[in-house]
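Visitor: Make a model of this:
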Amino acid sequence: MERNYIYKLIINLIQKSGKNLLGLFSRYSFSFQLRKDEGTNTDSNKVDLSFCGNKSFGLVRVFLVFVGMVWGVGAISQTTGDFQSRATGNWSNYTTWNRYNGSAWVAATSLQVPTSSNAVTIQSGHTITIDATASCASLTMSTPSTTNKLVFGGAFTLTVSGAFTTNVSTGSTSSTIDLLTGRLDVGSFSLTSGSSFSKFTYLNITTGTVNCTGNFTCSGSQTVIGSGSGSNLGSCFINIGGAFSSGITFNAGTSTVNFNGTSSQTIPLYTYNIVKVNNTAGVSLSGNTTISNLKIGDVTANSIFNDAGFTITGTTLDFTSGTYNTTATTTNAYKWTTYNVSSGTTVDFALNGSQTIPSTTYFNLKTSGGGGTKTAGGNITLGATSTL
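Guide: Below is the predicted model of the structure:
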């Protein structure tokens, strides 16, 4: 249990409790200290409490109830079998870990390392290295007073079936995930950062892979996805099955971002190298976007892409399977330099207004948008089926 967590609980309870509790604190001087577990040099779930004052015992009893409330909240935050880092070290080494035994954190013994059923916390100041294939139920990087890190020591895979969470705040330092050439499979991401310099959460990838089946949520303007030290991503793959947050620093480099969910998804406003759309429920732009190379349906047949009326600045379209719906205006609709389009694909000029249809080959051309004029921008080659 970290002191910062206790402090936050106290502050929140004071704010919600009004004058009675504030009056108590104005009448009494008190302190508490987390007791260390013997042999582990880590905070236990025991507290040494001292106070002084000359008011009625009733107020003292209220204070003790208050401490019980605070401690009770903390006490239920662990489950038997949970792991927290004990020191910097390798994931596969039991001496790296403390294990919760149901009442206290104790040093892990031989062969006790996190598995797919365990929740794991990397504590402030610790660097944990993935040195072999590993797994856990959830992974949390605690609020760092000193930078904490997760480092992949090679092309190893870490599977987190639940949430991967960082907790950088305005009062902390940074947390770093050095995926590099490794593979990280997660149920969801929740990456937080502060709003001022040096309160960063870094996700650094060179040629590795992220598979996020749920939401890839980022909060705070100091979250950075790159390859370290402000550099761009390498030729890595980021597969996202849920929502992907905007408002962070995304250094695309030569990366590929694949939207492969089963419900509708939105592409946030970043500059991209390669974007893949492999979702039959549809993937839509959220604004005018730079995408060097858009690939549709190269893995999932009958995928749907919607430009949502926005303009794409890009070079190459690789269209393998599915539908491209464009409601962009005039000459911005379906505008690419190079078209690599497979048979069976559909392009629908769906704006209720005028659009220019670029000069290229269409296997199934539709103009479902009513009103306005659809004008050919040059010679058009039509495939087997078209609806004009």
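
Visitor: any idea how far residue 120 is from the residue lying closest to residue 335 once chain neighbours are set aside?
Guide: Computed as CB to CB, 6 or more residues apart in numbering, the closest residue to residue 335 that is not its neighbour in sequence is residue 358, at 6.1 Å. All C-beta atoms are positioned from the backbone trio N, CA, C, and that covers glycine. Plainly put, residue 358 is 51 Å away from residue 120 if you go by CB to CB, to the nearest Å.

Visitor: neighbour-wise, which of those two wins?
Guide: residue 120 (25 against 19; other CB atoms under 10 Å).

Visitor: Report the beta-bridge partner residues of the more buried one.
Guide: residue 83, residue 139 (DSSP bridges).

Visitor: tell me the contacts of it?
Guide: If a contact means CB atoms under 8 Å, 6 or more residues apart in numbering, then residue 120 has 82-84, 114, 136-140 as its contacts.

Visitor: how many other residues sit next to the residue lying closest to residue 270 once chain neighbours are set aside?
Guide: Distances taken as CB to CB, 6+ apart put residue 250 closest to residue 270, at 4.2 Å, once the chain neighbours are dropped. Residues lying near residue 250 (other CB under 10 Å) number 25.

Visitor: what's the spacing between residue 250 and residue 262?
Guide: Taken as CB to CB, the span from residue 250 to residue 262 is 24 Å.

Visitor: just residue 99 next, same as before
Guide: For residue 99 relative to residue 262 (CB to CB), the value is 37 Å.

Visitor: Same drill for these two, tell me which one is more crowded.
Guide: residue 99 (22 against 12).

Visitor: who's that one bridged to?
Guide: residue 83, residue 106.

Visitor: Correct me if wrong: it contacts residue 113.
Guide: No: assessed by CB atoms under 8 Å, residue 99 is found out of contact with residue 113, at 9.2 Å.

Visitor: what residues are shared contacts of the two?
Guide: residue 83.

Visitor: Could you find the closest non-adjacent residue to the residue nearest the centre of the chain?
Guide: Compute the mean C-alpha point of the chain, and by CA atoms, centre = their mean the closest residue is residue 189, 3.0 Å away. Once flanking residues are discounted, residue 189 sits nearest to residue 216: 4.7 Å by CB to CB, 6+ apart.

Visitor: And for residue 220?
Guide: Residue 220 sits nearest to residue 193 (CB to CB, 6+ apart), 3.4 Å away.
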